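Visitor: got a predicted model here, sequence first, then my questions.
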Amino acid sequence: AMSVERVGYGAGERDDPSTPNVLRVLIGRSVDRAEAERVTVIECEIDDMNPQIFGVAMERLYAAGALEVFYVSAQMKKNRPGTLLTVVCAPALRAQLADVIFRETTTIGLRHYEVDRECLQREMVTVETPVGAVRFKVVRRDGRVINAVPEFEDCVKLASANKLSVKEVQAIAVQA
């Protein structure tokens, strides 16, 4: 990766009918860029499936190695409401996850394409609070903390055990 500062072009005098005799030179400085990970996105729209099946399909896609699975409401042809299923996975798992989608849903076709994905560094840190331990997901970019969020499941358990609302436990955790 680089920041281009100057570009130069040139053409030679030799005329070779099979090879262009042209040169382009880029002059610049190298820049740090976060490493991007190559992933495959698989998509399809579904407008004829029992909605109860979507949860099972998601569980099976994650069990088969999907990195992300999500649904978005979509308006389909013939003005029917439908659902856009999007699955993000390692390119090597595309065929396997396509099999899961065809087996677990009513779709009859898929699209897939490769994209770059950039993720922040993250780690789990346990914080002791007056109501119990709460795990936090701490997210960093270039070593700087960008966000720290208490794990929802931990807050739900502590709220129930301490007869508090989840919001109260979240506030206590963030304060700690």
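Guide: Right, received. Where do you want to start? Numbering: from 1, shown residues only.
Visitor: and the helix or strand containing I27, what does it pack onto?
Guide: Under the assignment given by DSSP states H and E, the secondary-structure element containing I27 is strand 22-30. With contacts defined as 3 or more C-beta pairs under 8 Å, 6 or more residues apart in numbering; DSSP states H and E, the secondary structure elements packing on strand 22-30 are strand 2-11. For the C-beta atoms, the positions are set from N, CA and C on the backbone; glycine is no exception.
Visitor: state the mean pLDDT of the strand it packs on.
Guide: For strand 2-11, the mean pLDDT works out to 83.
Visitor: thinking again about what came up before, okay, now the sheet partners of the following helix or strand past the strand holding I27, with direction.
Guide: As assigned by DSSP H and E, the chain's next helix or strand after strand 22-30 is strand 37-46. According to DSSP bridges, the neighbouring strands of strand 37-46, each with its direction, are strand 81-89 (antiparallel), strand 111-117 (antiparallel).
Visitor: now do the last one: distance to the chain's middle.
Guide: If I follow you right, that is strand 111-117. Strand 111-117 has its C-alpha centroid displaced from the chain centroid by 11 Å (C-alpha atoms, centre = their mean, to the nearest Å).
Visitor: contacts for it, please.
Guide: Under the contact criterion C-beta atoms under 8 Å, 6 or more residues apart in numbering, strand 111-117 has outside partners 36-44, 88, 91, 94, 98.
Visitor: can you list the buried residues in whichever helix or strand comes after it?
Guide: Using DSSP H and E, the helix or strand that follows strand 111-117 in sequence is strand 121-129. Neighbour counts using 16 or more other C-beta atoms under 10 Å place 127, 129 of strand 121-129 among the buried residues.
Visitor: counting by contacts, list what the helix-or-strand element of the chain with minimal mean pLDDT packs against.
Guide: Comparing every helix and strand of the chain by mean pLDDT, DSSP states H and E singles out strand 2-11 as the least confident one, with a mean of 83. In terms of contacts (3+ C-beta pairs under 8 Å, 6+ apart), strand 2-11 is packed against strand 22-30.
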